[in-house]
Every structure is written in structure tokens, then in C-alpha cells.
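Engineer: Predicted model and sequence below, questions to follow.
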Amino acid sequence: MALPARERARRALAALRTMIPSPQTELSHTDPFELLIAVILSAQCTDERVNMVTPALFETYPDASAMSKAEPEEIFPFIRSVTYPNNKSKHLAGSAAMIMRDFGGKVPDDIPELVKLPGVGRKTAQVVASVAFNRDALPVDTHVFRVANRLGITSHAPTPIAVEKQLKRAIPKEEWSEAHHLLILHGRYTCIARRPDCSSCAAKPDCLYFERLNKLPATRNDLDRRKGKYHCGTCGRYLSVLKERTDRYGTVQAACTSCNSMNLFDTNSGKSIKRVPDFRVN
Ligand code: SF4
């Protein structure tokens, strides 16, 4: 019987805790201002890269007051190696100026005010509110989106906001912040997008994606690759051309042009070519 989302979440988080004993942000920071700047810089960039540029940046501009006096062109050289340095220089200068002008020199501590800062979207605001100010937030980035859907805590949630809503229903409020870091770190190091390392994952006994992978037909070693690139396991024909069919999960699959079956094998490897639904933020 399918596990309810809450029970699935409880088991998954318990398993992830055994793998990630200290779930916290990997962005180096010493105060809310540095965290805010680091999170803005980390949009579509790695934390590792951001941590390489922030020491020199924070030495020159240690607080909002110092950074608010800088022009974007002066900030640019410090962050040229992160993604979108032109836009991010403007966002950093603009955010520091707004913090001085509208928030008394302090990073605001709630989400509706944080999102007013240039370069701060809902996700960035939630990370800052959660990590710097201990607010209840569960920001969904590409890792959280993929891992939550793969584990089956969320059910085919199509957008980050849908994932956030389902996660908040499935996970107790006091665990949101920890869950956010557990899911991110698991997605970054184990449940990676292209090739999840399921063999070393403690969450696999209850993972929906892993369960579906294991339901794929066994590899065949009786196929003759000279007869065609593909073999239909249902009608027994060899084929070189396939057609497309959408399965009940909405995943586009290859299908046999003769019998319409999706039970197809690559004759070179003998492996099933059936796709297990996977999850990426579009
Ligand atoms: S079993 Fe595999 S797919 Fe499932 S959470 Fe672990 S690494 Fe990800």
C-alpha cells in the first residue's frame, strides 16, 4: 500500500539525517548581511564558487553601509567569476543602498520585506529568513524540487511553489529549516540529477524513484543487434524507428510502431529503454 506523504517524509528525513549529521548552509557568512549577499551571488552558481569570491568582497565591503557607497562597477571585479556578474553587481549595490535607506542599515528579517531588495526573489528571501533569523520557511531550489519528487514526499508537483506547498503539508513546521538543508545537500552530493547514487542512499527503502527503477524489465542477453537497434518485448519485432507515446505519469516514452507497446529494449546493451519519470525545474 502506498505510504501517506507525511509518513514518507518522516522516514525519508530520518534516513537523510543518518547520512547528513550537520545539515546547514555551505555558504560562508558571519552575519545576515554577508548571508544575504552570498545567497544573491549563489543564484545559478555553485556555493563553492561563491565562497571563493566573498572573502575579498567582504573585506572591502564589510557591511551594508560600506557596500552602499560602492558603484556596481567597483563591485564587479570582486565577483567577475560568478554567474551573471553584471546583474549581480547592480543587485548588490542596490540592495545595500536600500538596506541603508529603508531598513535602518539592517537586513530585514521577514520575507515580504526581503523580497523588496533588488535581486531577492522568494527563494532567496526564504533562505535568508530561515538561516539568519530562524523563521519558518522551506525554500525550494532545483535540488529540493528533484529530491522531494523522487522520494515521493511530493506527488508529481509541477512547480517549485507546488512542491513547497506539498512539503509544508507533509513536514512539521519545526523541521522545515532542517528539511530544506537535508534535501539540498542530499541532492547536491548523492541524489544528483543525472546519476543518483542510489546504492549508497539510506533513503532507498522508501524512495518511489528507486522503486520504479527496480520495476524496469531485466536486461536481455538474447537479442541480435544485427536485426535492428531496438527489440519489442511484447510483439517480438526488431525495429530501427520508434514512435512516441505519453505514459500515465505524463512522461514521453518510446513505443513500438507495430504494437504500440512501451516494452522496448536497446539491442546493443540489452537494457530496457523505458524512462522512469524524473523531475527538473523547467
Ligand atoms: S534512492 Fe536514489 S533516487 Fe531515491 S533519494 Fe536515494 S539517491 Fe535519490
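Structural biologist: That came through, no problem.
Engineer: mind listing the helices in the stretch 1-150 of the chain by residue range?
Structural biologist: Using DSSP state H, counting those that start in this stretch, the helices of the stretch 1-150 of the chain run over residues 5-19, 32-41, 47-60, 64-68, 72-79, 85-102, 111-114, 122-133, 142-151.
Engineer: And the contacts of the third one?
Structural biologist: Same thing as helix 47-60. Here helix 47-60 makes contact (Cβ atoms under 8 Å, 6 or more residues apart in numbering) with 25-29, 34, 37-38, 41-42, 66, 75, 78-79, 81-82. Quick note: C-beta positions are derived from backbone N, CA and C, even for glycine.
Engineer: tilt between it and helix 32-41?
Structural biologist: The directions of helix 47-60 and helix 32-41 differ by 140 degrees, with axes from the mean of the first three to the mean of the last three Cα atoms, to 10 degrees as the criterion.
Engineer: ok, and the closest non-adjacent residue to Ile161?
Structural biologist: Val140 (7.6 Å; Cβ to Cβ, 6 or more residues apart in numbering).
Engineer: Contact partners for that neighbour?
Structural biologist: Val140 makes contact with 123, 148, 160-161, 163-164, 167, according to Cβ under 8 Å, 6+ apart.
Engineer: which among those gets closest to the ligand?
Structural biologist: Distances from those to the ligand were compared by Cβ to the nearest ligand atom; the smallest belongs to Ala148, at 9.6 Å.
Engineer: And the ligand, is stretch 267-282 touching that?
Structural biologist: No: using Cβ under 6 Å from any ligand atom, stretch 267-282 never reaches the ligand; the gap is at least 9.0 Å.
Engineer: residues of that stretch that come out buried?
Structural biologist: 267, 272-274, 276-277, 279 (16 or more other Cβ atoms under 10 Å).
Engineer: same thing with stretch 243-261?
Structural biologist: Burial within stretch 243-261, assessed by neighbour count using 16+ other Cβ under 10 Å, is assigned to 253-256.
Engineer: what's the farthest-apart pair in the residues you listed?
Structural biologist: Based on Cβ to Cβ, the longest span within the buried residues of stretch 243-261 runs between Gln253 and Cys256 and measures 10.6 Å.
Engineer: what sits in contact with each of the two?
Structural biologist: Between them, Gln253 and Cys256 share these contacting residues under Cβ under 8 Å, 6+ apart: Met262.
Engineer: now the strand or helix carrying His181 against helix 122-133, angle please.
Structural biologist: In this structure, His181 sits in helix 176-189 according to DSSP states H and E. With the same axes, to 10 degrees as the criterion, the two stretches helix 176-189 and helix 122-133 enclose an angle of 120 degrees.
Engineer: residue in the stretch 1-150 of the chain nearest to the ligand?
Structural biologist: Arg150 (4.5 Å).
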